[in-house]
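Undergrad: sequence first, predicted model second:
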2 protein chains.
Amino acid sequence: MRASDRAYSALRSEILEWHLAPGTILGEVEQAARLGVSRTPVREALARLSGDGLVESLPGRGVVVAEASADSAAELFEVRIALETQAAALAAQRRDPAVFEGLRDEFAGAASLIADPDRSAYYDLVARFDRAVDDAAANTYLASTLTGLRTHLARLRRVAQDNPQRLAAAAREHLLIVEAILAGDVDLARSATAVHLHNSLATIIDAADSGRFAAPVSTHDPAHQIDRTA
Amino acid sequence: MRASDRAYSALRSEILEWHLAPGTILGEVEQAARLGVSRTPVREALARLSGDGLVESLPGRGVVVAEASADSAAELFEVRIALETQAAALAAQRRDPAVFEGLRDEFAGAASLIADPDRSAYYDLVARFDRAVDDAAANTYLASTLTGLRTHLARLRRVAQDNPQRLAAAAREHLLIVEAILAGDVDLARSATAVHLHNSLATIIDAADSGRFAAPVSTHDPAHQIDRTA
DNA sequence: CTCACCGCCTCTGTATACATTCGTGAGCCT
DNA sequence: AGGCTCACGAATGTATACAGAGGCGGTGAG
């Protein structure tokens, strides 16, 4: 694997998992030393992250980790609802029934996945659902744009933890979307997706309002963290 | 201006203007020599172009200019319609009337701009309209995504030349969108945008079907050296 | 004590040298 | 004659050296 890929992956997951807090300055030399590569791959990684919108390159201040707020979540969902509903509608027209029959059964039995304190199995199911919709929609622009948006979503979800009740409701909403796609019901696929995303956003806004938004998680060596309180 | 910015701008316009045909291999050394910079800024430019989706980096074959077909135009518009309608709807809610009153008058008198064989004034008006909608929608994700999509559109428009009748119709469609936004009519703004984009795509598909899509490829013009004094 | 100016110093931006990998072509073997 | 293998070469990927610009701190003056 290329050093630039490793640098990109490392920085990307650290940002998504809030090990690197918004506002953190990512100096090339510092990151190169920390990641054990030279400045060149770090530069390439930072350029890719900038393209993803995960970092901003401020003139004079270098590259900093982008902000993530409840406001930006609302903006994100204004775009995401428009695109996911379109993707669901296209998927309802073009889907391969076999794939979504499998997903229907999985979402129908998702309760056991949610019961597991480690929810990675459930999130994995959702990820497979997203990919199935993207594949069925058969639109590269749509898929790549949605992938970018979901990246930002993953960053927000980290702080606005879903509670079990919400996850159970989300599973039912997903089930309805899958059934609509299976039935080839374009309008219902669109509406069910809009409802699901509306509720998801409401959950995030709710978490933000109750103050669960501000706590960045850091399991990393504090020596590598930059003090933002100064 | 940085050398990497110059390299990016130069390559970007050459791709958009079809001076670099789809499938052209962009070797780092070759481009560095041609543009008069070293490989480092060229690498950064190619990385940004790859993020824009204007080039693809094939493993082993290097970086090649991305394809552009009528099929990809259809895909592009599936996304673009979803987002532009959303942007128009948001703009109708949040617009500053003064800006759109000015645009309304300009589109109402656009006939003279279209009559001009050099249509850059008209295209400039459309670009200002797009920016005004983006500003009014007040959504950074939406704006940046649309900017990316419009980049690809500009590449397609180059080969599917709009005819004067189509441009006149487009100006009327734009006028209706502006009026809807001014009136704060969310549904009409959405619908009028959908109609406009539907017609735009139809024009492109039509151009493709009548063979006007093929190859306006110019020869390799060494005069495209970038101006280093700028 | 505060503000402004100057200088240092670190940072980014660029160029270039080096290594590694992959494609291509030729030659040999089957 | 065709296919496989090896070697050469050119390309990318990486590291590092160098230059310029900008920020920050120190010092001096008001």
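TA: Perfect, thanks for sending it.
Undergrad: in what helix or strand does the residue most central in space within chain A lie?
TA: Centroid-nearest residue in chain A: residue A:154, 2.7 Å away (criterion: Cα atoms, centre = their mean). Using DSSP states H and E, residue A:154 sits within helix A:140-157.
Undergrad: who are the packing partners of the following helix or strand past that helix?
TA: Sequence-wise, the next helix or strand downstream of helix A:140-157 (DSSP H and E) is helix A:164-182. The criterion is 3 or more Cβ pairs under 8 Å, 6 or more residues apart in numbering or on different chains; DSSP states H and E, and the helices and strands that helix A:164-182 contacts are helix A:70-94, helix A:97-108, helix A:111-115, helix A:120-137, helix A:186-209. In short, each C-beta sits where N, CA and C put it, glycine included.
Undergrad: same thing but 6 Å
TA: helix A:97-108, helix A:111-115, helix A:186-209 (3 or more Cβ pairs under 6 Å, 6 or more residues apart in numbering or on different chains; DSSP states H and E).
Undergrad: show me what residue of chain A gets nearest to chain B.
TA: residue A:51 (3.5 Å; Cβ to the nearest Cβ).
Undergrad: quick one: that residue from residue A:3, how far?
TA: 19 Å (Cβ to Cβ, to the nearest Å).
Undergrad: what about chain A, any weak spots by pLDDT?
TA: Counting by pLDDT under 70, the ranges of chain A that qualify are A:211-230.
Undergrad: who touches the closest residue to residue A:168 other than its chain neighbours in this structure?
TA: The spatial neighbour of residue A:168 that comes closest, neighbours along the chain excluded (Cβ to Cβ, 6 or more residues apart in numbering or on different chains), is residue A:114 at 5.8 Å. Applying Cβ atoms under 6 Å, 6 or more residues apart in numbering or on different chains, we find residue A:114 in contact with A:122, A:164, A:167, A:168.
Undergrad: of the residues you listed, which is the most crowded?
TA: Counting neighbours by other Cβ atoms under 10 Å in any protein chain shown, residue A:122 comes out on top of the contacts of residue A:114 with 22 neighbours.
Undergrad: would you mind splitting chain A into its domains for me?
TA: A:3-67, A:70-209 (automatic domain parsing).
Undergrad: quick one: the first one near DNA strand D?
TA: Looking back up the chat, that one is domain A:3-67. Yes - contact of domain A:3-67 with DNA strand D (Cβ under 7 Å from any atom of the strand) involves A:3, A:4, A:5, A:37, A:38, A:39, A:40, A:41, A:44, A:60, A:61.
Undergrad: any idea how far the residue nearest to residue A:168 is from residue A:157?
TA: Distance from residue A:114 to residue A:157, by Cβ to Cβ: 15 Å.
Undergrad: burial count for residue A:24?
TA: 20.
Undergrad: nearest spatial neighbour of it, chain-adjacent residues omitted?
TA: residue A:65 (4.6 Å).
Undergrad: contacts only, for that neighbour.
TA: A:15, A:20, A:22, A:24, A:55.
Undergrad: out of those residues, which are inside helices?
TA: residue A:15 (DSSP state H).
Undergrad: tabulate the contacts of residue A:65 (JSON lines), appending distance to DNA strand C.
TA: Below are the contacts of residue A:65 laid out as JSON lines (distance: Cβ to the nearest atom of the strand, whole Å):
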{"residue": "A:15", "distance to DNA strand C": "16"}
{"residue": "A:20", "distance to DNA strand C": "14"}
{"residue": "A:22", "distance to DNA strand C": "17"}
{"residue": "A:24", "distance to DNA strand C": "12"}
{"residue": "A:55", "distance to DNA strand C": "11"}
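Undergrad: related to what we said a few turns ago, from the chain's centre, how far out does the helix holding residue A:154 sit?
TA: 6 Å (Cα atoms, centre = their mean, to the nearest Å).
Undergrad: what angle sits between it and helix B:70-94?
TA: 50 degrees (axes from the mean of the first three to the mean of the last three Cα atoms, to 10 degrees).
Undergrad: and helix A:140-157, anywhere near chain B?
TA: Yes - Helix A:140-157 is in contact with chain B by Cβ under 6 Å from any Cβ of the partner chain, via A:141, A:142, A:145.
Undergrad: again, but for stretch A:94-109
TA: No - counting by Cβ under 6 Å from any Cβ, no contacts exist between stretch A:94-109 and chain B, the nearest distance being 11.2 Å.
Undergrad: and the contacts of residue A:114, which is closest to residue B:29?
TA: Checking the contacts of residue A:114 against residue B:29 by Cβ to Cβ gives residue A:122 as the nearest, at 49.2 Å.
Undergrad: surely that closest one touches residue A:111?
TA: No - in this structure, residue A:122 is not within contact of residue A:111 by Cβ atoms under 6 Å, at 9.9 Å.
Undergrad: got the residues of chain A near chain B?
TA: A:47, A:51, A:75-76, A:78-79, A:82-83, A:86, A:139, A:141-142, A:145.
Undergrad: could you find the closest non-adjacent residue to residue A:81?
TA: residue A:197 (4.8 Å).
Undergrad: which residue packs closest to residue A:66, ignoring adjacent ones?
TA: Per Cβ to Cβ, 6+ apart, closest to residue A:66 is residue A:56, 5.2 Å.
Undergrad: ok and the helix holding residue A:154 relative to helix A:186-209, angle-wise?
TA: Using the same axes, to 10 degrees: helix A:140-157 against helix A:186-209 is 30 degrees.
Undergrad: who touches helix A:140-157?
TA: A:16, A:68, A:73, A:76, A:80, A:83, A:87, A:134, B:75, B:76, B:79, B:145.
Undergrad: angle of that helix against helix A:120-137?
TA: 160 degrees.
Undergrad: next, the buried residues of helix A:140-157.
TA: A:141-143, A:145-146, A:148-150, A:152-153, A:155-157 (16 or more other Cβ atoms under 10 Å in any protein chain shown).
Undergrad: just stretch A:185-203 next, same as before
TA: A:186, A:188-194, A:196-197, A:200-201, A:203.
Undergrad: CA atoms only: put the helix or strand containing residue A:45 into PDB for me.
TA: Here residue A:45 sits within helix A:39-52, counting by DSSP H and E. Included here for helix A:39-52 are C-alpha records, laid out as PDB according to Å, rounded to 0.1, in the frame of the first residue of the first chain:
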ATOM      1  CA  ARG A  39       5.900  15.400   3.700                       C
ATOM      2  CA  THR A  40       5.000  14.500   0.100                       C
ATOM      3  CA  PRO A  41       2.400  11.800   0.900                       C
ATOM      4  CA  VAL A  42       1.100  13.900   3.800                       C
ATOM      5  CA  ARG A  43       0.500  16.700   1.300                       C
ATOM      6  CA  GLU A  44      -1.300  14.400  -1.000                       C
ATOM      7  CA  ALA A  45      -3.400  13.100   1.900                       C
ATOM      8  CA  LEU A  46      -4.300  16.600   3.000                       C
ATOM      9  CA  ALA A  47      -5.300  17.500  -0.500                       C
ATOM     10  CA  ARG A  48      -7.600  14.600  -0.700                       C
ATOM     11  CA  LEU A  49      -9.100  15.400   2.700                       C
ATOM     12  CA  SER A  50      -9.600  18.900   1.500                       C
ATOM     13  CA  GLY A  51     -11.500  17.600  -1.500                       C
ATOM     14  CA  ASP A  52     -13.600  15.500   0.900                       C
END
